[in-house]
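> 3D, please:
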Amino acid sequence: MAKQYPDIDAVQHEFILKQKIFFTATATAESRVNVSPRPTDHFRILGPNRVIYLDLTGSGNETAAHTRIDGRMTIMFCSFEGPPKILRLYGRGRIIRRDSAEYATLLADHFGNSEPLGARQMASLDIDLVQTSCGFGVPLFDYAGERPTLTRWAEAKEKDIGLDAYRRQKNQFSIDGLPTGLFEEPAE
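Okay, here's the model as predicted:
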């Protein structure tokens, strides 16, 4: 049965740390709903009501466009091994640009100042509700490892047209034409 909490407690914290994948969901009132799978190796819990993750360059940038306009974000973890469980983090999301002082501070403090090739931005979630549910319908899977494909793609793209050029071509607008703010001048 579903249970709700005001923040991430110690049991939920431990559960999150054991997972290998999470899903980010965002939307605006007029856009498509976007759900993206992400690896947990770039996910960090900053406190009971705040999490961040390093967002790598991809074919789109829906999360940035949606959080810029609406802010609603849900992050979901599912237990694919061991006891069944689903954990959702609800709240307000925002994007932290690579060229910002906040990004540099978070990178130093929570990622050992190590940025993987292809890092595009960070996503931050201020949590207002944590919900767990049974997860009885989630199948069991064995973790086989991370795919090296995205890293190889980023290496090849950097040698070819460059990741910045790719982002300018593919990541400035959502599939619904919403601006992501990726290359806008920072506000004074």
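> residue contacts, Ser124?
Listed by C-beta atoms under 8 Å, 6 or more residues apart in numbering, the contact partners of Ser124 are 50-52, 93-96. (Glycine included, C-beta is placed from N, CA and C.)
> hmm, 10 Å instead?
44, 46, 50-53, 67, 73, 91-96, 102, 106 (C-beta atoms under 10 Å, 6 or more residues apart in numbering).
> what do you get for Gly47?
Neighbours of Gly47 in contact, by C-beta under 10 Å, 6+ apart: 7-8, 126-127.
> Could you give the bridge partners of it?
Counting by DSSP bridges, Gly47 forms beta bridges with Arg50.
> Please report how far it lies from Asp142.
32 Å (C-beta to C-beta, to the nearest Å).
> got it, and Ile175?
Using C-beta to C-beta, Ile175 is found at 33 Å from Asp142.
> The two: which is more packed in?
Set Ile175 next to Asp142 and count neighbours by other C-beta atoms under 10 Å: Ile175 wins out with 13 against 6.
> can you pull the contacts of the more buried one?
Contact criterion C-beta under 10 Å, 6+ apart gives 31-32, 34, 59-62, 65 as the residues in contact with Ile175.
> ok, and the helix or strand in this structure with the lowest average confidence?
Comparing helices and strands within the chain by mean pLDDT, DSSP states H and E singles out helix 149-159 as the least confident, with a mean of 89.
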